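[1] pasting the structure only:
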């Protein structure tokens, strides 16, 4: 079944911001007053799309693209100040608790209060949440309970009975760790409750939420532990092959991501249920969803686990149109965007166009000297999205400062600038693009350099650390952005 994937989101010219919620400072958490203040700033500026990155709980490297779960929310985002209005904390506890005990202790206290029966007003809603999300919630809560019992280990290192989810061992876990399992489940209930409140708040102010689904999942995750048949693993749960990419713009050596690869034959025979459930949970969180590394649906780079250098990899056909047919048969109005960056052949674009999926252009990629470069302003398409840079790029100012003299002169001539006003020439160009949605990382709106970069691909340290000070979201900045959006016809 071919879906036209028509959506009103692309019927108007819009501007968006790229900012992961973990970047917002807030000792009590994010999904409360701090997130509302950011949405207010966006509304004042005329920005109508907030693009986040994946919202899942992370490993120690903080990467949202290597999450402990493809479904769960990051509990670090829960705002404990919001729990007072819910009757789970008292004002006096918040006044002294943040300094003396910290946010995590307050969250634990609130959950204990619920488990002890002191907040029966949530019993029905919590039970409905558990039933609605049983397809992932139970195994995720079990996964976290075992991780806390065996800290510093991955699931392949657990006792065999737990590693292999043997019935007797799992039944024993359910009895011994019932309190912890219920804690994790209620934590996820609080996350979803607060995220839904932010989504309603954003919608009331004309702001849409734009999410992100990494095509691959982390090996050390509840998803792989509980669904081993969906992945190419050996009998002990170790990957036989892993994901990555050959040399490209981001890395001369290629990249070894290490994610286990799917057994697409098994997934197809099962009617793509695992993937459809993944889309189901995300479509409730967001108005628009990007599939990261879309080209992996056409073909993906498979690296043997015993020869991990990326150059030892090879292309393997992906699930292609059959998978997308199943997605749109289940969800006819699925609002997908394809991340089509990197090494993209005609077969990838053919698949994307067949399902009328918007793609991406990035202005920083436009200056290789080729007039046919799709990232150049004059080559943009109406149904695509344009970015100054993505979460994997340097900030635009950092990128500009790193250019050699010849490239910098080319950029200056193209944008008619001497460079002193960077990154605003690229922001203005993105707004002028014919593309329906123009997206700008928050660091670019603030004119920040490389020290504010989100992520450097191919590295695992010193990423995802930059924080936004909401005091920098000033009325002057929102006015400057709004005036630019009015000129480029991107306000409502």
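    All right, it came through fine. Keep in mind that what you see is a predicted model, and the values were worked out from it rather than measured.
[2] partner strands of the strand or helix carrying residue 316 and their direction?
    For residue 316, the host element (DSSP states H and E) is strand 314-317. Here strand 314-317 has these sheet partners by DSSP bridges: strand 299-304 (antiparallel).
[3] what's the partner strand in contact with?
    Contact with strand 299-304 is made by 215, 240-246, 254, 256, 261, 293, 309-310, 312-318, 347-348, as judged by CB atoms under 8 Å, 6 or more residues apart in numbering. Yep, even glycine has a C-beta here, placed from its N, CA and C like the rest.
[4] any idea which residue is closest to the centre of this structure?
    In the chain, the residue lying closest to the centroid (CA atoms, centre = their mean) is residue 54, at 1.9 Å.
[5] downstream of the lowest-mean-pLDDT helix or strand in the chain, the next helix or strand is which one?
    Lowest by mean pLDDT, DSSP states H and E among the helices and strands of the chain is helix 91-100, with a mean of 82. Later in the chain than helix 91-100, the nearest helix or strand by DSSP H and E is helix 103-115.
[6] show me which residues of that following helix are buried.
    The neighbour-count check on helix 103-115 (16 or more other CB atoms under 10 Å) flags 103, 106, 107, 109, 110, 111, 113, 114 as buried.
[7] what's it packed up against?
    Helix 103-115 sits against helix 91-100, helix 178-204, with contacts defined as 3 or more CB pairs under 8 Å, 6 or more residues apart in numbering; DSSP states H and E.
[8] list the buried residues for the longest one?
    Of the residues in helix 178-204, those buried by neighbour count under the rule 16+ other CB under 10 Å are 180-195, 197-199, 202.
[9] returning to what we had before: by mean pLDDT, show me the worst of the helices and strands packed on helix 103-115.
    The minimum mean pLDDT among those belongs to helix 91-100 (a mean of 82).
[10] what angle separates that helix from helix 103-115?
    Angle of helix 91-100 versus helix 103-115, following axes from the mean of the first three to the mean of the last three CA atoms, to 10 degrees, is 140 degrees.
[11] what helices or strands is helix 91-100 leaning on?
    helix 103-115.
[12] and whichever helix or strand comes after the helix it packs on, how far from the chain's centre?
    Following helix 103-115 in sequence order, the next helix or strand is helix 123-132 (DSSP H and E). Here helix 123-132 is found 26 Å from its chain centre; the criterion is CA atoms, centre = their mean, to the nearest Å.
[13] and what of stretch 229-249?
    The chain centre lies 21 Å from the centre of stretch 229-249; the measure is CA atoms, centre = their mean.
[14] would you indicate which residues of that stretch are buried?
    Applying a neighbour-count criterion of 16+ other CB under 10 Å, one finds 230, 231, 232, 233, 237, 239, 241, 242, 243, 244, 245, 246 buried in stretch 229-249.
[15] nearest to residue 337, of those?
    Of all the buried residues of stretch 229-249, residue 337 sits closest to residue 245, with 19.5 Å by CB to CB.
[16] turn the helices and strands packed on helix 103-115 into CSV, including distance to residue 490.
    Formatted as CSV, those follow (distance: least, CB to CB, whole Å):
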stretch, distance to residue 490
helix 91-100, 39
helix 178-204, 17
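[17] for residue 71, find the nearest of those helices.
    Judged by CB to CB, the one of these that comes nearest to residue 71 is helix 178-204, at 8.8 Å.
[18] partner strands of the following helix or strand past that closest one and their direction?
    As assigned by DSSP H and E, the chain's next helix or strand after helix 178-204 is strand 208-214. Strands that pair with strand 208-214, judged by DSSP bridges, come out as strand 49-51 (parallel), strand 288-292 (parallel).
[19] may I see the buried residues of strand 208-214?
    208, 209, 210, 211, 212, 213, 214.
[20] ditto for stretch 259-275
    For stretch 259-275, burial by neighbour count (16+ other CB under 10 Å) applies to 259, 260, 261, 262, 263, 264, 267, 272, 274, 275.
[21] look at that stretch and report the distance between its end residues.
    End-to-end distance for stretch 259-275: 16 Å, by CA to CA, to the nearest Å.
[22] do me a favour and average the pLDDT over that stretch.
    98.
[23] and the closest residue to residue 183 other than its chain neighbours, how far from residue 119?
    Closest residue in space to residue 183, ignoring its immediate chain neighbours: residue 111 at 5.2 Å, by CB to CB, 6 or more residues apart in numbering. Look at residue 111 and residue 119: by CB to CB, to the nearest Å, they are 10 Å apart.
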